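Asks: predicted structure and sequence below. I'll ask about it afterward.
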Amino acid sequence: MRCRAIVAVRGSSWREEGRELRVSPGPVAGGAGRPEGAVVSGSGGLVLALGTVNQELHCRADRGLDYCWFRAPDGGHVVPAADRQELAAGLCRHRLGPVGPEHAGRWACCMGVAGRRAGDLVHRISVRVADSTLLAEASEVKVDAGGTAVLSCTTVPAGKTLSYCRFVSPTGRGFSFSEANRNETIMDRYQQSHGPLGQYRGIRVGVCSVTITAVHAEDYGKWRCSGVIQGTFAEGSDFIILSQEESAVNGISMAAIVGAAVGSATVIAVVVAFMWWVVKKKKRSNGHHNLSDSGSEHSSEVQLQMGELPSLASRFAAGTRQVSFRRRRSVHS
């Protein structure tokens with residue numbers, strides 16, 4: 001999405017989308033003659049609670065601006081009431097009204113330097129609107145059976161202390177964490193997560209998180225995380241799907257598949273070698289002009305061995321299937 005410049009005469013005003021829009025009068029630093037390269041910064045990814053007021057979106061350039069405007073996620077134009085000193089400092093700001101679903105999506109903050117050949121400078125801002133005070137950090141987590149999974153939800157706004165946080169597993173069993181039991185293991189396998197390298201990420205800083213050690217088949221499915229921000233009464237909730245890694249196909253691990261393939265290749269190699277030996281023996285036998293009784297018996301023996309060839313291949317295939325079945329059982333257990 002490329003921003004197109006909206007240039008207005010300084011000191012003028014006009015109306016757009018029912019709002020009065022003004023451009024500050026007077027000269028502003030950063031016109032023609034400035035270098036084309038620029039450094040821009042501004043608001044990062046935002047997670048906002050439904051109904052939040054006075055939330056600000058902003059962007060900044062390393063040079064003075066002549067104008068600025070925002071493109072909303074629905075494509076609409078928003079031109080904030082410009083402040084000459086802020087524009088001269090390269091700053092552009094816009095305050096949202098009560099946050100609603102229409103504010104969710106990708107915003108573009110466009111900063112204009114009159115006459116800039118490359119067009120407006122652009123800083124993009126991602127906005128996510130939550131209808132709950134607790135939001136999953138990831139809607140889906142994938143991990144192999146027997147591995148370790150971390151499921152986390154955070155408060156909206158971020159960093160708010162929780163009175164408690166609780167989880168409900170796909171089987172319907174529930175458990176909870178508080179500051180008092182932050183180092184305890186619940187139900188033998190569930191622990192409150194503390195973050196990488198000992199960094200604290202717990203309910204005191206608005207994170208409701210559980211580490212599941214040795215993931216079992218019963219752990220796969222929809223998890224619910226819930227919690228209450230201190231000083232409030234409404235419980236916030238969100239859901240996280242725990243699923244198996246794509247490396248496991250229909251419950252059969254890659255190790256089992258590789259094992260079955262190796263077993264099949266071994267059977268084929270043995271069968272081919274045996275057939276080559278039989279053909280070689282038969283050619284030697286046919287090379288003799290005078291066949292004795294013993295030669296006849298040898299020919300019969302060769303025919304008997306050829307007749308047993310399907311039975312030999314079947315026994316090898318059965319052994320391969322048994323190995324594959326054992327590998328599957330070990331994966332599911």
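Replies: Structure received. Residues are numbered from 1 along each chain as shown.

Asks: ok, whatever helix or strand Ile240 lives in: who's next to it in the sheet?
Replies: Using DSSP states H and E, Ile240 sits within strand 236-243. Applying DSSP bridges, strand 236-243 is found paired with strand 140-142 (parallel), strand 221-229 (antiparallel).

Asks: burial measure for Cys225, as a count.
Replies: 24 (other CB atoms under 10 Å). (Glycine included, C-beta is placed from N, CA and C.)

Asks: please read the previous query as pertaining to Glu184.
Replies: The number of residues near Glu184, taken as other CB under 10 Å, comes to 11.

Asks: same question for Val40.
Replies: 16.

Asks: against Arg128, how distant is it?
Replies: From Val40 across to Arg128, the span is 22 Å (CB to CB, to the nearest Å).

Asks: might you report the residue contacts of Lys222?
Replies: When contacts are counted by CB atoms under 8 Å, 6 or more residues apart in numbering, Lys222 touches 170, 239-241.

Asks: ditto for Asp62
Replies: So Asp62 contacts 38-40, 90 (CB under 8 Å, 6+ apart).

Asks: from those residues, which is closest to Gly76?
Replies: The nearest member of these to Gly76, counting by CB to CB, is Val40 at 21.6 Å.

Asks: am I right that the closest one is in contact with His58?
Replies: No - counting by CB atoms under 8 Å, Val40 does not reach His58; the two are 11.2 Å apart.

Asks: ok, what's across the strand from Met111?
Replies: Cys68, Leu121.

Asks: tell me the confidence at it?
Replies: Per-residue pLDDT puts Met111 at 92.

Asks: what's the burial count for it?
Replies: 29.

Asks: endpoints of stretch 130-143, how far apart?
Replies: One end of stretch 130-143 sits 26 Å from the other (CA to CA, to the nearest Å).

Asks: and the helices in this protein, which stretches?
Replies: 84-88, 254-286, 293-307, 309-332 (DSSP state H).

Asks: now do the buried residues in the strand holding Ile240.
Replies: For strand 236-243, a neighbour-count test (16 or more other CB atoms under 10 Å) marks 236-238, 240-242 as buried.

Asks: same question for stretch 281-300, mean pLDDT?
Replies: 55.

Asks: run a quick neighbour tally on Asp74.
Replies: Asp74 has 8 nearby residues by other CB under 10 Å.

Asks: go ahead and confirm Ser43 touches Arg60.
Replies: No - applying CB under 8 Å, one finds Ser43 not in contact with Arg60, separated by 9.8 Å.

Asks: joint contacts of those two?
Replies: His123.

Asks: how about the strands paired with strand 236-243, which one is nearest Ser132?
Replies: So among the strands paired with strand 236-243, strand 221-229 is nearest, using CB to CB, at 9.2 Å.

Asks: mind checking the pLDDT average for the closest one?
Replies: 95.

Asks: one step back: and the contacts of Lys222, which is closest to Gly206?
Replies: Ile240 (16.5 Å).
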